[in-house]
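Colleague: would you be able to build a 3D model of this:
(one chain, ligands or ions: 1)
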Amino acid sequence: GVTRHYKFDIRLKNVTRICKTKTIVTVNGKFPGPRVVAREGDRLVIKVVNHVSNNVSIHWHGIRQLQSGWADGPAYVTQCPIQKGQSYVYNFTITGQRGTLWWHAHISWMRATLYGPLIIYPKHNVSYPFAKPHKEIPIIFGEWWNANTEAVINQSLVTGAGPNVSDSYTINGLPGPLYNCSAKDTFKLKVKPGKTYMLRIINAALNDDLFFRIANHTMTVVEADAFYVKPFETDIIVITPGQTTNVLLKTHHNPQQTTFVMVARPYFTGRGTFDNSTIAGILMYESSFNNISIKNLPIPTLPPINSTSFVSNFTNKFRALASVKFPVNVPRNVDKHFFFTVGLGSNPCPKYQTCQGPNNSSKFAASVNNISMILPNTALLQSYFFKKSNGVYTSDFPSVPLVSFNYTGTPPNNTNVSNGTKVVVLPFNTSVEVVMQDTSILGAESHPLHLHGYNFYVVGQGFGNFDPKNDPAKYNLVDPVERNTVGVPSGGWVAIRFLADNPGVWLMHCHFDVHLSWGLRMAWIVLDGKLPNQKLLPPPADLPMC
Ligand code: C2O
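Modeller: Now for the predicted structure:
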């Protein structure tokens, strides 16, 4: 591999969307941010220089960071934030991975404007397990607020109520013609007839799973979270925040029509408020490049907003290639079993504060096993590495919920949430199974759970309560899909397995930023192994201090 250098200057920039100009934090003045491109085996050296007063840190979502956990990026987990006037060089090698990933800020809600694609091509002379597409195009969904997003989340954390929902969705930063003042800000996918395009679809929205469809065109799904899957056709895809999906799009040979509308809008089953607006873009064949109005074009239909059955049908179609070249290495014997309840709950309102959360006297909290994770004032990884864990974290994260879970009744709501900074410590090479069970207080809701530093196999999922007697017998250990982010089904459960072969401190959390801010997160510490290549390397000299 080669070494590729990038420089990210964090700067303010005025950007106008949906009739409103706003100053946003950007990388190099670009919104969305620049594309980072590499090949499997390359080293990326990305210098981030912060010129703004907001603290930042950047996460390379889906990169395994083997032995290089200092470059992972979540603030107060693997590093302290990069403050104004400071810089930090993220230096890591891409080992054994290729596909569509992305990068985003990992502090507060800064990722609303700080995000971009991270594309890893196969090694030289290694081809895709499908015919080479004519062209590859990133499609990155985002969410836009007219207000300052830091103010939106801070207000929510103070009042204990839900934050204001976004004012629009975007495709590659553009809201599209169904929003006010936005016809000129429409994403246009320009194509030639009779060709195959690969769309690298990324959901960078903060708080919404999205459906996506292109009128009169089917898509073939070939990759999820930078893993090839058995190809399958679909008219509509569903994608959670944090996930990436590559699809092949075959254009018509003799298109009857030359422009087609593409749309995306949320899948949502909770009872809170949400943004149910629709983003639109245009697929245009070359003969129509000048004629860009969508006025008389049909808008393709999407499933109803709460179509859990559609979503579960769709997610069940993802299967690993499980071939000689791309084998499935799912752990067959599990050393450690965990059962995690994940969901929203409530915390008592602190004295002298007015709270507007559920039951009027509480704040929203979100938790794993009834613990809402509080981030420490210094990075967990620093505390761990320099053996200064005292007062920063404790190693007693429970393997089952604190409030005992009745596997046969209705799932409990999470009203007994306590705050804490607790981790699970795993010896090197522990094989782990985690069953994640959705709980509900405001209606069941799906939670896109993301694990840093690892990919995991999704071995089972179902609705209702997990049944420890009968469900494990139905696990798929033959061709389970490998991912870094999985939607815990609304009102259901999902079982994942991974081998803890990467030493460091790794966050696992809901990729809805609202739930992340409310504490739906926990961390794993994976200890060093015996061999030199099984140890976390020391931190770089420019690691930011708190
Ligand atoms: Cu995409 Cu912890 O993040």
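Colleague: the ligand contacts on the chain?
Modeller: Contact residues (Cβ under 6 Å from any ligand atom) of the chain with the ligand: 59, 61, 74, 104, 106, 242, 450, 452, 507, 509, 511. Placement of C-beta: from N, CA and C, glycine included.
Colleague: one more pass at 5 Å, please.
Modeller: Residues of the chain found near the ligand (Cβ under 5 Å from any ligand atom) are 61, 242.
Colleague: for the ligand, what's its nearest residue on the chain.
Modeller: residue 61 (3.7 Å; Cβ to the nearest ligand atom).
Colleague: for residue 111, see how far away the closest residue to that residue other than its chain neighbours is.
Modeller: Once flanking residues are discounted, residue 61 sits nearest to residue 102: 5.2 Å by Cβ to Cβ, 6 or more residues apart in numbering. In this view, residue 102 and residue 111 are 10 Å apart by Cβ to Cβ, to the nearest Å.
Colleague: show me what contacts the residue nearest to the spatial centre of the chain?
Modeller: In the chain, the residue lying closest to the centroid (Cα atoms, centre = their mean) is residue 242, at 1.5 Å. Applying Cβ atoms under 8 Å, 6 or more residues apart in numbering to residue 242 gives the contacts 61, 203, 448, 450, 484, 485, 511.
Colleague: how about residue 487?
Modeller: Applying Cβ under 8 Å, 6+ apart, the residues near residue 487 are 209, 240, 243, 311, 315, 446, 447, 448, 449, 494.
Colleague: farthest pair in the residues you listed?
Modeller: Pairwise distances across the contacts of residue 487 (Cβ to Cβ) peak at 15.0 Å, for the pair 311 and 449.
Colleague: compare neighbour counts for these two and give me the winner.
Modeller: residue 449 (28 against 21; other Cβ atoms under 10 Å).
Colleague: where does that one land on pLDDT?
Modeller: With respect to pLDDT, residue 449 scores 98.
Colleague: so it is in which element?
Modeller: Using DSSP states H and E, the element containing residue 449 is strand 447-451.
Colleague: and the next element down the chain from that strand?
Modeller: Going down the chain from strand 447-451, the next helix or strand is strand 456-463, by DSSP H and E.
Colleague: tell me what that next one is packed against?
Modeller: If you count contacts as 3 or more Cβ pairs under 8 Å, 6 or more residues apart in numbering; DSSP states H and E, strand 456-463 packs onto helix 308-316, strand 482-483, strand 492-500.
Colleague: could I get those as TSV with mean pLDDT?
Modeller: Below are the helices and strands packed on strand 456-463 laid out as TSV (pLDDT from 0 to 100):
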stretch	mean pLDDT
helix 308-316	95
strand 482-483	98
strand 492-500	97
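Colleague: dump these into TSV; add distance to residue 417 as well.
Modeller: As requested, the helices and strands packed on strand 456-463 are exported to TSV (distance: least, Cβ to Cβ, whole Å):
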stretch	distance to residue 417
helix 308-316	25
strand 482-483	27
strand 492-500	20
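Colleague: out of these, deepest packed?
Modeller: Stretch with highest mean neighbour count among those: strand 482-483 (a mean of 25; mean count of other Cβ atoms under 10 Å).
Colleague: who's in contact with that strand?
Modeller: Contacts to strand 482-483, defined as Cβ under 8 Å, 6+ apart, come from residues 224, 225, 227, 243, 318, 320, 328, 455, 456, 457, 458.
Colleague: which two in those are spaced the farthest apart?
Modeller: 243 and 328 (19.5 Å).
Colleague: show me what residue 485 is bridged to.
Modeller: residue 450 (DSSP bridges).
Colleague: contacts only, for it.
Modeller: Contacts of residue 485 by Cβ under 8 Å, 6+ apart are 225, 240, 241, 242, 243, 448, 449, 450, 451, 511.
Colleague: max-length strand in the chain?
Modeller: Of all segments of type strand in the chain, defined using DSSP state E, the longest is strand 3-17.
Colleague: what's the closest non-adjacent residue to residue 299?
Modeller: Take residue 299 and drop its neighbours on the chain: the residue closest to it by Cβ to Cβ, 6+ apart is residue 261, 5.4 Å away.
Colleague: that neighbour and residue 176, how far apart?
Modeller: Counting by Cβ to Cβ, the gap between residue 261 and residue 176 amounts to 9 Å.
Colleague: what do you get for residue 229?
Modeller: Taken as Cβ to Cβ, the span from residue 229 to residue 176 is 29 Å.
Colleague: equivalent analysis for residue 245, please.
Modeller: From residue 245 to residue 176 the distance is 20 Å (Cβ to Cβ).
Colleague: by contact count, what packs against the lengthiest helix in the chain?
Modeller: Looking across the chain with DSSP state H, the single longest helix is helix 149-159. Of the remaining helices and strands, those touching helix 149-159 by 3+ Cβ pairs under 8 Å, 6+ apart are helix 513-517.
Colleague: tell me which residues form a beta bridge with residue 522?
Modeller: residue 508.
Colleague: count of residues packed around it?
Modeller: Counted by other Cβ under 10 Å, the residues lying close to residue 522 total 25.
Colleague: thought it was touching residue 368?
Modeller: Yes: between residue 522 and residue 368 there is a contact under Cβ atoms under 8 Å: 4.6 Å.
Colleague: between these two, which contacts overlap?
Modeller: Counting by Cβ under 8 Å, 6+ apart, the residues touching both residue 522 and residue 368 are 340, 508.
Colleague: chain neighbours aside, what residue packs nearest to residue 325?
Modeller: In space, residue 325 is closest to residue 129, 7.4 Å off (Cβ to Cβ, 6+ apart).
Colleague: before we move on, back to that, distance between the longest strand of the chain and the chain's centre?
Modeller: 21 Å (Cα atoms, centre = their mean, to the nearest Å).
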